[in-house]
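In: When you get a sec, could you give me coordinates for this:
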Amino acid sequence: MGEFDFQAGDRVRIYTKAATYEGIVMPRPETGGKEHVTIKLDSGYNIGVLLGAVAKVEKLAKSEKRQSKSELKFEKGKPEISIVTTGGTITSKVDYKTGGAYPLTKPEELLEAVPELAKVVSVKNIQKPF
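Out: Below you'll find the predicted structure:
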C-alpha cells in the first residue's frame, strides 16, 4: 500500500510518533481514501492510521491466500439456475483473517456456504451487475 511494503491480510507493526499499533491490514474500501490504512487490532477493534504519520512499518507475517476447501459438487440432472446478486449477507463471504466481507463470485463458493442447495438445484453462474 503506497510506499510501504504490506498488503491486505498481512500482520504488521506500525510505528508513529504518538503510538505503536499491531494488527492485520484490512482491505481498502472502494470508496476509501489512500491517505490511511485500516488495521484490525487483536482486541477486534479496527483503527485507521494516517500514512503520513507513519515512521516505520514492520511486516510480521505475510497474508495467506485462502483456497476453497469444498469438495461438494452440484448434482447433474437438477434444474439449472443463474443467480443475480446485488449484495447482502447471503451472497457474501467473510475472510475471518482480515475481517473483510467479499461477494461470492463462483457457484462453488455459494455451495460451500449453503450445501443444501446441491439437493435442489444446480447453480451455473453468479452475476453481479453492480
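In: Tell me where this structure has helices.
Out: 107-113 (DSSP state H).
In: For the spatially most central residue of it, which residues are in contact?
Out: Closest residue to the average C-alpha location of the chain: residue 100 at 4.0 Å, with CA atoms, centre = their mean. Contact analysis of residue 100 by CB atoms under 8 Å, 6 or more residues apart in numbering lists 8, 26-27, 94. For glycine as for every other residue, the C-beta is placed from the backbone atoms N, C-alpha and C.
In: Residue 90 too?
Out: Shown in contact with residue 90 (CB under 8 Å, 6+ apart): 113-114.
In: same check, this time on residue 8
Out: Applying CB under 8 Å, 6+ apart, one finds that residue 8 lies in contact with 25-28, 63, 98, 100.
In: what's the farthest-apart pair in the residues you listed?
Out: Pairwise distances across the contacts of residue 8 (CB to CB) peak at 13.6 Å, for the pair 28 and 63.
In: picking up where we left off before, output the contacts of residue 100 as JSON lines; include the columns distance to residue 73 and pLDDT.
Out: Below are these laid out as JSON lines (distance: CB to CB, whole Å; pLDDT from 0 to 100):
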{"residue": "8", "distance to residue 73": "30", "pLDDT": "88"}
{"residue": "26", "distance to residue 73": "33", "pLDDT": "89"}
{"residue": "27", "distance to residue 73": "30", "pLDDT": "84"}
{"residue": "94", "distance to residue 73": "23", "pLDDT": "75"}
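In: Now, those residues that are in strands?
Out: Those of the contacts of residue 100 mapping onto strands are residue 94, per DSSP state E.
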